[in-house]
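Chemist: Compute the structure for the input listed below.
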Amino acid sequence: MTTLKRPKTAKKAPIKVKNAADYSAQLLAWFDTHKRDLPWRRGRSPYSVWLAEIMLQQTTVATVKDYYKRFLAQFPSVEALANAPLEDVLHLWQGLGYYSRARNLHKCAQAVVQDHGGNFPKTAAELQKLPGIGPYTSAAIASIAFNEAATVVDGNVERVISRLFAIETPLPDSRPEIRNYAEKLTPNERAGDYAESMMDLGATICTPKSPKCLLCPLHDLCTARDKGLEAELPRKKPKAKRPEKHGAAYCIINEKQQILLRRRPNKGLLAHLWEVPHTGWEHDDLPIDIKGLDQQNHGPIVHVFTHFKLTLEVHTITAPNGLNPEQGEWVNVADLHTKPLPTLMKKVLQQAGVLTA
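Modeler: Model prediction:
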């Protein structure tokens, strides 16, 4: 009897890049002339780099600039941020979204102060042990603040690498290949400048639509341009349809012009932020019996979260003085600005006419 041998699985050949130094040399020469003037690049302290990188996650540079300046004015050091109440941090974060970033920002500042004497670790490996710091952020801080030759890969870098090497595998499946190429190109010298130059190239030249190839310092090295694929890459898998949820939100206001607010749980969606009572989408019960009270329907608002789309019918309810809710507290309408409110609740309050846009 002949025994059939199972064929060996072919090993994937290691990625090779000819003249890798040419990429970084040409890119850095371009960066020295065309780099963006951004507030967090003035000094490059670990604290300022970390603060900016956390804010820039899922957010545009244009939006972050003012938030960054306000944060730095109120919390000029990691110690100041660590010692601040979480409520103050969340309040200053209003409008940036993805509030887990703000909570992790606070936790991370406390960890740096308590466990590291107020000094950020200098390597990507150690930085990644801190709350809210993942592979990208740790590499960005290590390279920009400490000049470690850490490979930084964000959405801009993914797009640049995909085009440079004409990677046609759709994202996210192409990410291991993209990282391999990115590691080959990361230089040992001027690692921080190189990381920022890749970000700038993706943000200003190698843009998602209509890339400015004639202005690109790497146009003579770009495989996608040679093949006429620059506008098609990177490819992405079709997104699954976002689920939809529906509910109702109630702005309950008494005769003293106080509105009923409650704080959300310390974990989960919009944790630790304040909200008006609502029903439906989270199956919450109202903290008061609204039967017999004057109500007015102001129509729906729509808010899109990362994983679902939410439609809320907005109501105002006039409550008599002396009404004691089962949960929450009465807040003067004029003092609403003192509470950290998520964008969703600002939309609700604006729809009800309680807040102005």
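Chemist: in the stretch 51-200 of the chain, which spans are helices?
Modeler: 61-74, 78-83, 86-93, 100-116, 124-127, 135-146, 155-164, 175-185, 191-204 (DSSP state H, counting those that start in this stretch).
Chemist: Would you format those helices as JSON lines with mean neighbour count and distance to residue 321 included?
Modeler: In this view, the C-beta of every residue, glycine as well, is placed from N, C-alpha and C. Converted to JSON lines, the helices of the stretch 51-200 of the chain look like this (neighbours: other C-beta atoms under 10 Å; distance: least, C-beta to C-beta, whole Å):
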{"stretch": "helix 61-74", "mean neighbour count": "15", "distance to residue 321": "36"}
{"stretch": "helix 78-83", "mean neighbour count": "18", "distance to residue 321": "39"}
{"stretch": "helix 86-93", "mean neighbour count": "18", "distance to residue 321": "27"}
{"stretch": "helix 100-116", "mean neighbour count": "19", "distance to residue 321": "35"}
{"stretch": "helix 124-127", "mean neighbour count": "19", "distance to residue 321": "53"}
{"stretch": "helix 135-146", "mean neighbour count": "24", "distance to residue 321": "50"}
{"stretch": "helix 155-164", "mean neighbour count": "23", "distance to residue 321": "53"}
{"stretch": "helix 175-185", "mean neighbour count": "18", "distance to residue 321": "59"}
{"stretch": "helix 191-204", "mean neighbour count": "22", "distance to residue 321": "54"}
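Chemist: out of the ones you listed, nearest to residue 310?
Modeler: Evaluated over the helices of the stretch 51-200 of the chain, closeness to residue 310 peaks at helix 100-116, with 17.7 Å, by C-beta to C-beta.
Chemist: could you dump the helices of the stretch 51-200 of the chain to CSV with distance to residue 255 and mean pLDDT?
Modeler: Formatted as CSV, the helices of the stretch 51-200 of the chain follow (distance: least, C-beta to C-beta, whole Å; pLDDT from 0 to 100):
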stretch, distance to residue 255, mean pLDDT
helix 61-74, 36, 94
helix 78-83, 40, 97
helix 86-93, 28, 93
helix 100-116, 35, 95
helix 124-127, 54, 96
helix 135-146, 49, 95
helix 155-164, 51, 96
helix 175-185, 58, 95
helix 191-204, 52, 95
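Chemist: Looking at those, spot the one closest to residue 252.
Modeler: helix 86-93 (22.2 Å).
Chemist: which one of the helices of the stretch 51-200 of the chain lies closest to residue 36?
Modeler: Between these, helix 191-204 lies closest to residue 36; by C-beta to C-beta that is 5.5 Å.
Chemist: How is this structure partitioned into domains?
Modeler: Following automatic domain parsing, one gets these domains for the chain: 20-227, 244-351.
Chemist: so what's the closest residue to residue 172 other than its chain neighbours up against?
Modeler: Closest residue to residue 172 apart from its sequence neighbours, by C-beta to C-beta, 6 or more residues apart in numbering: residue 237 at 7.4 Å. Residues near residue 237 by C-beta atoms under 8 Å, 6 or more residues apart in numbering: 170-173.
Chemist: any idea which of these is the one closest to residue 66?
Modeler: residue 171 (30.7 Å).
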